[in-house]
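Participant: Output the structure for:
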Amino acid sequence: MTEYRLTATTVPPLGRLRVRQSAGPAAAIVSAPDQIEIIMDASGSMRAKAGGEVKIAAAKHVLKQLIEKLPSTSQVALRVYGHRLPSEPKAKSCQDTQLVVPFKPLDRTALTAAIDSITPKGQTPIGLSLSQLSADFGSVPGKKSVIVVTDGIETCDPTPGYPNFPPKVVDRLVAAGVEIKVDIVGFDIGSDSQTRKFLSELASKGGGKYYDAANGAQLAAALSQVIRSEYVVSDRAGNTIGKGMVGDPPVTLPIGTYRLSLTSQPPIDLGAADVKSDQETLVELYSDGNSRVSASVEFAPP
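Facilitator: Numbers count the residues shown, from 1 in each chain. This next block holds a predicted model:
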């Protein structure tokens, strides 16, 4: 929880401010990263089951749900690995990564068709897939959100001596000035602590987080965490007072009236909200699935 710290000797009354997405499985996502690339695992192990579901079927269902709820202002690419060649011969299979939907304004029809066509077959070239990001995004400026959904560890460049060892690839991208945040969802990793450790460290190196998902429902929950937006709290003069992520615990602020906005390009103005003494101000965000965002404000005891 972000705290507002004061150096004055007199501490004014405090209240709390919480910003959250409207609830409901069909609720459109209010705001998402402007530039998103999803890297989808279609290696042979995705044919197995997790929580009673075939993993590739569960992943397809969840990804299509996500695509339906993204704002139309998002720009989205989809890269898939392991879907064209069998796992042997390994050298060939390890080259199997494809940008199936190029980076462009959200095209739900193209993305859904591409997801439906995926058939899991081969190896897990995570590093090679990450190495294509610079070309995938091209020269478009701004921060890029990379979401990797995988049920296993790198099988093609597994140690630092290999050219596309994933941590080395991320280091090269950062050194080249590519603005990325890499979040990784480990699907059905189970008790494999070594794989979890590797993927967690890789996400951290890419400025993102690692999420565990044991089944389709947890995969959906993890992706909803990855797609969340940042909001900014400003005072009347326009000075930034605090920041938070939509859906996080509330921030504590001195009582007063604040201006809220979502961090996007361009920023989305949410209007003003009052913070009252010993109360929680709840700002709930709604979207029509396109570009319109509205907010309702409620007050409740903390």
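Participant: Which parts of the stretch 101-250 of the chain are helices?
Facilitator: Counting by DSSP state H, counting those that start in this stretch, the stretch 101-250 of the chain has helices at residues 108-116, 126-131, 133-137, 166-175, 193-205, 216-226.
Participant: what packs against the last one?
Facilitator: Put plainly, it is helix 216-226. helix 55-69, strand 144-150, strand 180-187, strand 210-213 (3 or more C-beta pairs under 8 Å, 6 or more residues apart in numbering; DSSP states H and E). Every C-beta, even on glycine, is put in place using the N, C-alpha and C of the backbone.
Participant: who does the last one pair up with?
Facilitator: What that stands for is strand 210-213. strand 180-187 (parallel) (DSSP bridges).
Participant: Show residues contacting the strand it pairs with.
Facilitator: Residues from elsewhere that reach strand 180-187 (C-beta atoms under 8 Å, 6 or more residues apart in numbering): 33, 41, 50, 55, 59, 130, 133, 143-151, 170, 173-174, 195-196, 199-200, 202-203, 205-213, 219, 222-223, 226.
Participant: what is the mean pLDDT for it?
Facilitator: Averaged across strand 180-187, the pLDDT comes to 95.
Participant: So which bits of it are buried?
Facilitator: By neighbour count on 16 or more other C-beta atoms under 10 Å, the buried set for strand 180-187 is Ile180, Lys181, Val182, Asp183, Ile184, Val185, Gly186, Phe187.
Participant: Please tell me how far Ser261 sits from Ile241.
Facilitator: Distance of Ser261 to Ile241, given as C-beta to C-beta, to the nearest Å: 12 Å.
Participant: if I look at those two, which residues touch both of them?
Facilitator: Listed as contacting both Ser261 and Ile241 by C-beta under 8 Å, 6+ apart are Ser234.
Participant: re the thing from before, distance to Gly138 for the buried residues of strand 180-187 - can I get that in JSON lines?
Facilitator: Below are the buried residues of strand 180-187 laid out as JSON lines (distance: C-beta to C-beta, whole Å):
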{"residue": "Ile180", "distance to Gly138": "13"}
{"residue": "Lys181", "distance to Gly138": "18"}
{"residue": "Val182", "distance to Gly138": "18"}
{"residue": "Asp183", "distance to Gly138": "21"}
{"residue": "Ile184", "distance to Gly138": "23"}
{"residue": "Val185", "distance to Gly138": "25"}
{"residue": "Gly186", "distance to Gly138": "29"}
{"residue": "Phe187", "distance to Gly138": "29"}
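Participant: Show me which of the residues you listed is closest to Thr257.
Facilitator: Checking the buried residues of strand 180-187 against Thr257 by C-beta to C-beta gives Lys181 as the nearest, at 32.1 Å.
Participant: Quick one: closest of the helices and strands packed on helix 216-226 to Lys90.
Facilitator: Per C-beta to C-beta, nearest to Lys90 of the helices and strands packed on helix 216-226: strand 144-150, 17.5 Å.
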